[in-house]
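S.K.: with the sequence up front, the predicted model follows.
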Amino acid sequence: MLKINNKSLVLERNSASKKISTAEEKELLRKYTAQISSKIKNIIIIPPDYTRKHSGSGRLTRELYQLLKADHRVDVMPALGTHKAMTEQEIRDMFGQEIPLENFLVHDFKNDIQKIGEIPDNFVETISEGKLKRSIEVKINKRLVNGEYDLVISVGQVLPHGVVGMSNFNKNIFVGCGGAEMINVSHYLGAVYGIERLLGRGETPVRKLYDYAEDIFLKNVDVDYILTVNSTEVNKETGTTDLLGLYLGRDQDIFKWAVKLSQRHNITQVSEPLEKVVVYMDEKEFKSTWLSCKAIYRTRLAIADGGELIVIAPGLKEFGEYEEVDQLIRKYGYRGSKLIRKEVENNADLKNNLSAAAHLIHGSTEGRFEVTFATDKLSREEVEGVNHSYLPLDKALARYPISQFDSGFNTLINAERVYYIDNPTTGLWTSQAL
């Protein structure tokens with residue numbers, strides 16, 4: 001179905017078996033770029049970083065660059081948030097060879113930011129149902145607001161997300177290109193509100209926070225969003241998920257349409273609470289529990305009380321991507337909302353890094369089920385020290401031969417039944433309707 005109006009361009013498929021072709025994708029991007037005013041000379045594209053490689057956003061960014069480069073200066077700044085800067089190898093793997101390396105910029109959430117406003121504490125208190133009351137300084141990368149660029153194009157996938165409910169749209173700006181306070185407090189807001197109340201939902205307290213910031217503080221900034229909805233399964237030929245929806249414009253309706261399509265295709269309702277789930281985390285992408293705990297976020301609604309999640313993560317070598325966060329995870333561990341909120345009240349190091357506190361809550365099961373990490377780069381003592389269980393990688397692969405598994409239920413030689421997911425970050429699994 002193709003929708004075109006004065007504000008947006010939309011192409012979507014209702015069936016996962018009928019993906020949007022490369023030709024259709026390029027034609028819609030061509031129509032979009034043809035509408036860009038001749039007065040616009042300098043453009044910055046904000047795609048996701050390497051942790052969202054499977055979304056195909058790298059390909060979209062490359063196609064945009066090719067369409068725009070003749071008449072515009074075009075730079076690319078991945079929405080890193082607090083993640084590490086992409087390496088040259090990661091840039092080339094995700095975006096290809098066509099965009100010159102000098103056109104890639106790095107978002108520094110500590111130093112390259114500018115304050116554009118402040119969200120009042122009474123608004124935060126209202127949307128959090130009284131669980132959090134504090135004002136929030138809104139800072140974003142200065143390049144987006146200092147007049148250097150005439151147009152900001154934000155590119156990314158809409159799918160279930162543990163912090164905001166459904167990912168992307170203005171989250172790409174206020175978190176992906178945001179300053180520490182907005183990142184920290186918005187994550188903590190989602191954590192104290194409750195991750196299981198957020199997952200897979202388009203309207204959440206955290207989304208209201210980002211919408212408020214856009215409505216009040218970005219009115220004079222020219223921003224367009226290019227949103228995608230993709231299949232859950234990774235296409236083995238392309239290394240990305242298939243494109244099912246493409247939405248271009250700024251009107252919030254495009255996000256609402258994308259949410260509905262993603263909820264249809266990216267949320268899997270299993271027939272029963274799952275006793276044992278095995279997931280694989282790509283070793284090139286997932287090197288920390290900061291990222292690998294997404295396996296917990298995306299499966300927690302499907303796992304039975306007393307069940308187990310086995311996370312096979314051959315690349316896992318650290319807890320946080322930065323030394324400060326790594327030390328906080330090691331110090332406090334994954335201990336659930338009640339205990340971590342108390343630690344925030346009593347400890348300045350955690351109070352000053354609410355994003356880490358939120359992660360410790362999100363990465364806990366609240367005692368409902370067990371999580372086992374299988375790796376050969378962290379020791380048993382290290383993994384158990386943060387309150388998860390440990391399994392040597394070689395033993396995990398011998399016990400769970402994932403190369404032979406189908407997605408979904410598998411029965412092992414010993415008659416044990418497990419549910420397998422290859423890269424759980426592409427969807428959300430639940431045992432009940434949301």
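M.R.: The structure has been received and is ready for your questions. Numbering: from 1, shown residues only.
S.K.: every contact and neighbour count from this point should use C-alpha atoms.
M.R.: OK.
S.K.: ok now the one helix or strand Glu381 maps to, how far from the chain's centre?
M.R.: Assessed by DSSP states H and E, Glu381 sits inside helix 380-385. Mean-position distance between helix 380-385 and its chain equals 26 Å (CA atoms, centre = their mean, to the nearest Å).
S.K.: mind listing what's buried in that helix?
M.R.: 380, 383, 385 (16 or more other CA atoms under 10 Å).
S.K.: report the contact partners of the last one.
M.R.: This points to Gly385. 330, 333 (CA atoms under 8 Å, 6 or more residues apart in numbering).
S.K.: please tell me how far it sits from Gln327.
M.R.: In this view, Gly385 and Gln327 are 12 Å apart by CA to CA, to the nearest Å.
S.K.: also Leu105?
M.R.: 28 Å.
S.K.: can you tell me the closest non-neighbouring residue to Gly117?
M.R.: Nearest residue to Gly117, sequence neighbours excluded (CA to CA, 6 or more residues apart in numbering): Val138, at 5.2 Å.
S.K.: secondary structure element holding that neighbour?
M.R.: strand 136-141.
S.K.: show me what that strand is packed against.
M.R.: Counting contacts by 3 or more CA pairs under 8 Å, 6 or more residues apart in numbering; DSSP states H and E, strand 136-141 is packed against strand 113-119, helix 171-174, helix 180-193.
S.K.: which positions within the first one qualify as buried?
M.R.: Pointing back at strand 113-119 there. Neighbour counts over strand 113-119 (16+ other CA under 10 Å) mark 113-114, 116, 119 as buried.
S.K.: mind putting these into TSV with pLDDT and distance to Tyr50?
M.R.: Below are the buried residues of strand 113-119 laid out as TSV (pLDDT from 0 to 100; distance: CA to CA, whole Å):
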residue	pLDDT	distance to Tyr50
Ile113	95	22
Gln114	96	25
Ile116	97	28
Ile119	97	30
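S.K.: from those, pick the one nearest Gly315.
M.R.: Distance to Gly315 across the buried residues of strand 113-119 (CA to CA) is lowest for Ile113, with 31.5 Å.
S.K.: residues contacting the closest one?
M.R.: Per CA under 8 Å, 6+ apart, neighbours of Ile113: 139-142, 178-179.
S.K.: check Thr426 too.
M.R.: Applying CA under 8 Å, 6+ apart to Thr426 gives the contacts 54, 159, 231-233, 266.
S.K.: try 10 Å
M.R.: Thr426 sits next to 52, 54-55, 157, 159-161, 230-234, 241, 266-267, 298 when contact means CA atoms under 10 Å, 6 or more residues apart in numbering.
S.K.: most neighbours among those residues, which one is it?
M.R.: When neighbours are taken as other CA atoms under 10 Å, the top entry among the contacts of Thr426 is Leu159 (32 neighbours).
S.K.: please name the residues that touch that one.
M.R.: Here Leu159 is in contact with 55, 165-168, 199-202, 228-232, 258-263, 265-267, 425-428 (CA under 10 Å, 6+ apart).
S.K.: where exactly do the helices run in the stretch 1-150 of the chain?
M.R.: Secondary structure of the stretch 1-150 of the chain (DSSP state H, counting those that start in this stretch): helices located at 22-34, 57-68, 88-95, 121-127.
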